[in-house]
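A.B. asks: Curious how this folds, go ahead:
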Amino acid sequence: MSRIGKNPVAVPKGVTVDIKGQDVSISGPKGKLALTMVDEIAISLEGDSIKVMPRNDNRQGRTMWGMQRTLVSNMVTGVTQGFTRKLEINGVGYRAAVQGKNLQLQMGYSHDVVYPIPADVQIACERPTAIAITGIDKQRVGQVAAEIRRYRPPEPYKGKGIKYENEFIFRKEGKKK
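C.D. replies: Presented below is the predicted three-dimensional model:
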């Protein structure tokens, strides 16, 4: 029995849910998202909540139950509130700026790193050392943040690089004489 899966997903006002077989599309004030559920999972709209249940009591259905319910819950949250992932840049001379449809990163290389901003994600730089990635799809926001972080991951000696806002970098002691 999935503790996450058995909870219904509440649908707030202003959000419309359309279920056709295994295809679920949810639209709200921020946009529209769609998902195709796996065959082992049954989904139904009951009043103002979405119920996700396994079709039969086999292993595959039970393993996918909680994950599919979480995906639907993330879709509802995305079209109502959206998701934000924040990155911090540490290091002398390291900075970022949004120029048109590109994110320009100066990360200590001999050249600037240019990251094209995807159409379904918004990127803002509040200050030159802070990047905010916003969108309605949680997976896409996290993927874009991971791609930007990959250009210069934080190193353990001085902590220089791009890190998530709440990430803890385990620091190592330097050389001893």
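
A.B. asks: ok, Leu33 touching Ile136?
C.D. replies: Yes: with contact defined as C-beta atoms under 8 Å, Leu33 reaches Ile136; the gap is 6.3 Å. (Each C-beta comes from the backbone N, C-alpha and C, glycine too.)

A.B. asks: Can you classify Ala146 by secondary structure?
C.D. replies: helix (DSSP: H, G, I helix; E, B strand; the rest coil).

A.B. asks: how many neighbours does it have?
C.D. replies: For Ala146, the tally of surrounding residues (other C-beta atoms under 10 Å) stands at 13.

A.B. asks: now the protein, which segments are flagged as low pLDDT?
C.D. replies: 1-2 (pLDDT under 70).

A.B. asks: All the helices of it, in order from the start?
C.D. replies: Taking DSSP state H, the helices of the chain run over residues 59-80, 138-149.

A.B. asks: could you dump these to a markdown table with distance to Val9?
C.D. replies: Formatted as a markdown table, the helices of the chain follow (distance: least, C-beta to C-beta, whole Å):
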| stretch | distance to Val9 |
| --- | --- |
| helix 59-80 | 5 |
| helix 138-149 | 14 |
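
A.B. asks: what's across from the closest residue to Val121 other than its chain neighbours in the sheet?
C.D. replies: Of all residues not flanking Val121 in the chain, Gly135 sits nearest, at 4.2 Å (C-beta to C-beta, 6 or more residues apart in numbering). As for beta bridges, Gly135 partners with Phe83, Val121 under DSSP bridges.

A.B. asks: and the residue nearest in space to the middle of the chain, what is it in contact with?
C.D. replies: With distances taken as C-alpha atoms, centre = their mean, the residue of the chain nearest its centroid is Lys138 (3.0 Å). Applying C-beta atoms under 8 Å, 6 or more residues apart in numbering, we find Lys138 in contact with Asn74, Thr77, Gly78, Phe83.

A.B. asks: re the thing from before, between the helices of the chain, which gets nearest to Pro128?
C.D. replies: Closest of the helices of the chain to Pro128 is helix 138-149, at 14.4 Å (criterion: C-beta to C-beta).

A.B. asks: Output the closest one as PDB, restricted to C-alpha atoms.
C.D. replies: Extracted in PDB, the C-alpha atoms of helix 138-149 (Å, rounded to 0.1, in the frame of the first residue of the first chain):
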ATOM      1  CA  LYS A 138       9.300  20.700 -12.200                       C
ATOM      2  CA  GLN A 139      11.500  18.200 -14.100                       C
ATOM      3  CA  ARG A 140      12.400  20.800 -16.800                       C
ATOM      4  CA  VAL A 141      13.300  23.500 -14.200                       C
ATOM      5  CA  GLY A 142      15.500  21.000 -12.400                       C
ATOM      6  CA  GLN A 143      17.100  19.800 -15.600                       C
ATOM      7  CA  VAL A 144      18.000  23.400 -16.700                       C
ATOM      8  CA  ALA A 145      19.500  24.100 -13.300                       C
ATOM      9  CA  ALA A 146      21.600  21.000 -13.500                       C
ATOM     10  CA  GLU A 147      22.800  21.900 -17.000                       C
ATOM     11  CA  ILE A 148      23.900  25.400 -15.800                       C
ATOM     12  CA  ARG A 149      25.500  24.000 -12.700                       C
END
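
A.B. asks: Perfect, I'm done here.
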